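Peer 1: any chance you could fold what I've pasted below:
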Amino acid sequence: MGDAYTGIFVGVFRHNVDDKGRLTIPSQWRPPVDSEANAFLALPSLEGYVNVYPPKMIAQLEERISQISMGDTEGQAAVEMLMSMAHSFSCDKQGRINLNAALIAHARIQKSTVLLGKLSSFSIYSDEIYDALRSKSPVSRETQAEVFKRFGL
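Peer 2: Coordinates of the predicted model:
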């Protein structure tokens with residue numbers, strides 16, 4: 001395995017889905033195959049791509065979801081809909097993953113994908129959706145500076 005695993009997801013990578021529906025994860029994003037870190041949860045986004053969370057983020061999601069009251073039927077229905085499309089997986093020895101058919105259809109993935117690191121998670125886009133989202137909502141330098149200032153970066 002090239003670089004040592006850090007559990008940090010940064011950068012943009014373009015990879016193809018193979019004939020068996022497998023997608024190779026960048027080497028620096030791959031946990032050791034036999035480690036507890038080799039467990040991911042993929043969820044659909046509202047914008048038409050897939051968000052992928054490692055174990056530490058899965059624990060945070062579980063905590064947040066557990067706070068939705070059983071009496072909150074709207075909240076429970078939203079969670080049920082989200083989780084009906086969810087997929088848990090691990091990387092194989094070659095660093096490949098398989099997404100379920102619901103997520104592949106949701107993200108309109110055909111062959112080529114874009115994997116975008118978001119520090120503590122990553123997203124998988126069809127290349128068409130990635131390029132369309134990037135072209136329609138560019139973030140200006142001024143907006144970027146304001147957001148960074150707001151978060152003390």
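
Peer 1: could you report the neighbour count for N16?
Peer 2: Counted with other Cβ atoms under 10 Å, the neighbours of N16 add up to 14. Using the backbone N, CA and C atoms, a C-beta is placed for each residue, glycine as well.

Peer 1: am I right that P26 is in contact with L115?
Peer 2: Yes: taking contacts as Cβ atoms under 8 Å, P26 lies within contact range of L115: 6.6 Å.

Peer 1: please enumerate the shared neighbours of these two.
Peer 2: F13, H15 (Cβ atoms under 8 Å, 6 or more residues apart in numbering).

Peer 1: this structure: strands as residue ranges?
Peer 2: 12-16, 22-24, 40-44, 50-53, 87-89, 96-98, 112-117, 122-126 (DSSP state E).

Peer 1: how much space between the residue of the chain most remote from its centre and S123?
Peer 2: The C-alpha centroid of the chain is most remote from G71, which lies 29.6 Å away (Cα atoms, centre = their mean). G71 sits 33 Å away from S123, going by Cβ to Cβ, to the nearest Å.

Peer 1: how about N100?
Peer 2: For N100, the distance to S123 - Cβ to Cβ - is 16 Å.

Peer 1: who's more crowded, those two?
Peer 2: S123 (20 against 16).

Peer 1: the closest residue to L133 other than its chain neighbours: neighbouring residues, count only.
Peer 2: In space, and not counting its chain neighbours, L133 is closest to E47: 6.5 Å by Cβ to Cβ, 6 or more residues apart in numbering. Using other Cβ under 10 Å, E47 has 13 other residues around it.
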